[in-house]
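# The amino acid sequence is not available; the structure is as follows:
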Ligand code: NAD
Ligand code: TYD
């Protein structure tokens, strides 16, 4: 079968990547979607069971930092576009092991850029019709101040905990090894645009939540702990603020930016949905207790204040007006609705959680694809 367009999606077995792969495979049957993933602890092909037999879907196990493999993939699959989601993504892990983050997030992205450049430059049409789209985070902008600890009403965001928002022109000021590695990769992507004329795009998104998120991040970790009556470790005083977006809304934004974004541009993606951690934790408890038939407030006693994360950014809040005004995107789900959907998914998919926390699935993939 001849495909109109061949898109390499990296990190497609992970949390956000699996939603992007599913959206593209089902929405664009005339495009071939190649999912390249190293299958680290965070990658799980069970996330893609429903699309794995689609004729326009291919999975390749591999590392984005492997230049030989990347060159071969670009040639074998005639890659026209890249959406780079492969990354090490957890701040706490980056504090313990920064090298792995530099290797995948920085060197891996640079390797992909170089493979794309070399391949596309050799083709008669050059960069025409090509796209290299890099997915990044709002954490590259650093931290906003918490000037309204109790929250104030805001026309734009509902409740705001500070006076400012991250925009596309906010200066980069990363603090954690994770955000430093993502900032570096974003700079490399823009450097390939400015230096070689590569048709690149970057988007910086706020915290995502939803099905398939590895239970090390706040929302799935706490849902799982509540189910097992385990403590809920709230860092510091629980005053830090994050801006939460349902993962399928992020996937829709990625689709729009990939197809209609202005080459060379950056787009901020966020839910205009700020939550103080402790309020969010109480809301998760309320939702899980209700859906599991426990007395209201039953699990509040699980909240345990623990030593703060080193360098813990106080507040993230994204201004996604550019994406709304230029491309017409906005979040489709209210937070309460999205959180309830998410809690229901984790309650209905306890096997998935058991598998990813027991390491069984890693052994299974080692047998299928060889040792990593
Ligand atoms: P994730 O950790 O759930 O998934 C990452 C995927 O990348 C996994 O499938 C993993 O196996 C794969 N991977 C890791 N190293 C690789 C390598 N060297 N080569 C090939 N594959 C590799 O991450 P996520 O939360 O889905 O995040 C995806 C992207 O979105 C990341 O770039 C992240 O920085 C960005 N992002 C995440 C959020 C969020 O809230 N999760 C918010 C904004 C941006
Ligand atoms: P996380 O989901 O790790 O995302 P990020 O650090 O990328 O924002 O954490 C979200 C917020 O929750 C962050 O302020 C740290 C806090 N947090 C806790 O208080 N306890 C936890 O166990 C975790 C994982 C996070």
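Nice, I can see it. Quantities reported herein were computed from a predicted structural model and do not represent experimental measurements. Ligands and ions are numbered 1, 2, ... in the order given.

# For residue 141, give its distance to ligand 1.
Relative to ligand 1, residue 141 is positioned 12 Å away (C-beta to the nearest ligand atom, to the nearest Å). For the C-beta atoms, the positions are set from N, CA and C on the backbone; glycine is no exception.

# Residue 70 belongs to a strand?
No: counting by DSSP: H, G, I helix; E, B strand; the rest coil, one finds residue 70 to be helix, located in no strand.

# Quick check, pLDDT for it.
At residue 70, the model reports a pLDDT of 98.

# How about residue 2?
On the pLDDT scale, residue 2 gets 87.

# Now do the longest helix that the chain contains, average pLDDT.
For the chain, the helix with the greatest residue count under DSSP state H is helix 177-196. Helix 177-196 shows a mean pLDDT of 98.

# How far away from the center of its chain is that helix?
Taking the mean of its C-alpha atoms, helix 177-196 sits 17 Å from the chain's own mean (C-alpha atoms, centre = their mean, to the nearest Å).

# Say whether ligand 1 is contacted by it.
Yes: with C-beta under 6 Å from any ligand atom as the criterion, ligand 1 is reached by helix 177-196 at residue 182.

# so what does that helix touch, helix or strand wise?
Judged by 3 or more C-beta pairs under 8 Å, 6 or more residues apart in numbering; DSSP states H and E, helix 177-196 is in contact with helix 91-96, helix 98-101, helix 109-122, strand 131-137, strand 200-205.

# wait, which of those is closest to ligand 2?
Among those, helix 91-96 comes nearest to ligand 2, with 4.1 Å by C-beta to the nearest ligand atom.

# Tell me the residues of the stretch 51-200 of the chain that contact ligand 2?
Near ligand 2, the residues belonging to the stretch 51-200 of the chain are residue 91 when assessed by C-beta under 6 Å from any ligand atom.

# Around ligand 1, pick out the residues from the stretch 51-200 of the chain.
Residues of the stretch 51-200 of the chain lying near ligand 1 (C-beta under 6 Å from any ligand atom): 63-65, 85-89, 104, 108, 135, 137, 182.

# wait, what's in contact with the residue in the chain positioned nearest to ligand 1?
At 2.1 Å from ligand 1, residue 14 is the closest residue in the chain, using C-beta to the nearest ligand atom. Neighbouring residues of residue 14 by C-beta atoms under 8 Å, 6 or more residues apart in numbering: 37, 42-44, 47, 85-86, 89, 212, 214.

# how near is it to residue 229?
Distance, residue 14 to residue 229, using C-beta to C-beta, to the nearest Å: 29 Å.

# possible to save the residues of the stretch 51-200 of the chain next to ligand 1 as JSON lines with neighbour count?
JSON lines is the format used below for those (neighbours: other C-beta atoms under 10 Å):
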{"residue": "63", "neighbour count": "21"}
{"residue": "64", "neighbour count": "29"}
{"residue": "65", "neighbour count": "19"}
{"residue": "85", "neighbour count": "26"}
{"residue": "86", "neighbour count": "29"}
{"residue": "87", "neighbour count": "27"}
{"residue": "88", "neighbour count": "24"}
{"residue": "89", "neighbour count": "25"}
{"residue": "104", "neighbour count": "23"}
{"residue": "108", "neighbour count": "26"}
{"residue": "135", "neighbour count": "27"}
{"residue": "137", "neighbour count": "23"}
{"residue": "182", "neighbour count": "29"}
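
# Closest one of these to residue 258?
Among those, residue 135 lies closest to residue 258 (C-beta to C-beta), at 10.0 Å.

# what about the helix or strand of the chain with the lowest mean pLDDT, distance to the chain center?
Least confident element among the helices and strands of the chain, by mean pLDDT, DSSP states H and E: helix 360-369 (a mean of 71). Put simply, helix 360-369 sits 24 Å off its chain's centre (C-alpha atoms, centre = their mean).

# ok, the closest residue to residue 31 other than its chain neighbours - how many residues close by?
Closest residue to residue 31 apart from its sequence neighbours, by C-beta to C-beta, 6 or more residues apart in numbering: residue 5 at 4.5 Å. When neighbours are counted by other C-beta atoms under 10 Å, residue 5 registers 16.

# Give me the below-cutoff pLDDT ranges for the protein.
Scanning the chain for pLDDT under 70 picks out the ranges 365, 369-372.

# Show me where it has its strands.
For the chain, the strands defined by DSSP state E cover 5-10, 31-37, 57-61, 81-84, 131-137, 152-154, 158-160, 200-205, 207-209, 232-235, 241-246, 266-269, 274-276, 303-306.

# Is it possible to get CSV of these that adds distance to residue 174?
Formatted as CSV, the strands of the chain follow (distance: least, C-beta to C-beta, whole Å):
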stretch, distance to residue 174
strand 5-10, 21
strand 31-37, 25
strand 57-61, 30
strand 81-84, 18
strand 131-137, 9
strand 152-154, 26
strand 158-160, 23
strand 200-205, 11
strand 207-209, 16
strand 232-235, 19
strand 241-246, 16
strand 266-269, 15
strand 274-276, 20
strand 303-306, 24
